[in-house]
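Trainee: Here's a sequence, model it:
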Amino acid sequence: MLECLDHAANRILGLISLIMDHAVAVGMRPDNAAHGIKRLRHKSEGLATWSEYDIEAYRAYWPLGSRERLALELALNTGQRRGDLARMGWQHVQGGAIHVRQSKTGATVAVPVVRELRAVLDTLSRAHLTFIGTASGVPFSAAGIGNWFRGAIRAAGLSDKLSMHGLRKAAARRLAEAGCTTHEIASITGHKTLSEIERYTREAERARLARTASEKVVQAFGEKSEA
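Mentor: Predicted coordinates for the structure are as follows:
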């Protein structure tokens, strides 16, 4: 909401500036009073990160064996971008890990196949080039797989703010909450810039400290409060 209001205010300021420029041009004003006024900036959090509730609600709707469930488990448990997800196949699985050379950065990662992902991969045929394809078996494009997955999200009754990329962010969040360092997380996600990952680790550390603090309060005052 605030981002929309900021955008509207900036548009109005732009229109006023155009009117003022015209007024200066025809001699109605000596200057443009709108010049020098700073436009509003709203810091966006970017695409929404999936919560554990979102993940479980999606899993409850899309069962094992469906392409839609496969897409969630593949995105969540590898932490890769949609373009790399679209081209993943059995040829990338070696030694219990999925080996990916990321198309955006060129980084190479080897993501271990965890239990949740193994459960869906075990249901797949090895006849197709990619794990996920269209209804006719043709590989998706990066945009195509994202658009198709948004339809699966809507069908499950979840927020339109969620996306396939949001599962990449959820993967980083989960790793941080498990106590992984920024470099450990980057070894999975392939991030070259650690600033976004550091945000997840800071949030996870704050959550752990809050739990520890609450436990200390209960230990120190819990019995007295009950009395």
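
Trainee: the longest helix in this protein is where?
Mentor: helix 195-226 (DSSP state H).

Trainee: What helices and strands are in contact with that helix?
Mentor: Packing partners of helix 195-226 (3 or more C-beta pairs under 8 Å, 6 or more residues apart in numbering; DSSP states H and E): helix 164-177, helix 182-189. In this view, the C-beta of every residue, glycine as well, is placed from N, C-alpha and C.

Trainee: Need the winner for burial among those helices.
Mentor: helix 164-177 (a mean of 22; mean count of other C-beta atoms under 10 Å).

Trainee: average model confidence for that helix?
Mentor: Averaging pLDDT along helix 164-177 gives 93.

Trainee: gap between that helix and the chain center?
Mentor: Relative to its chain's centre, helix 164-177 lies at 6 Å (C-alpha atoms, centre = their mean, to the nearest Å).

Trainee: Could you count how many residues lie near the nearest residue to Thr134 once chain neighbours are set aside?
Mentor: Excluding the flanking residues, the one nearest Thr134 by C-beta to C-beta, 6 or more residues apart in numbering is Phe140, at 6.2 Å. Neighbourhood size, Phe140 [other C-beta atoms under 10 Å]: 21.

Trainee: so Phe140 touches Phe131, yeah?
Mentor: No - contact criterion C-beta atoms under 8 Å: Phe140 and Phe131 do not qualify, at 10.4 Å.

Trainee: domain parsing for this structure?
Mentor: As assigned by automatic domain parsing, the chain contains the domains 1-44, 52-165.

Trainee: how about the strands of the protein, start to end?
Mentor: Using DSSP state E, the strands of the chain run over 93-94, 97-101, 108-112.

Trainee: Perfect, I'm done here.
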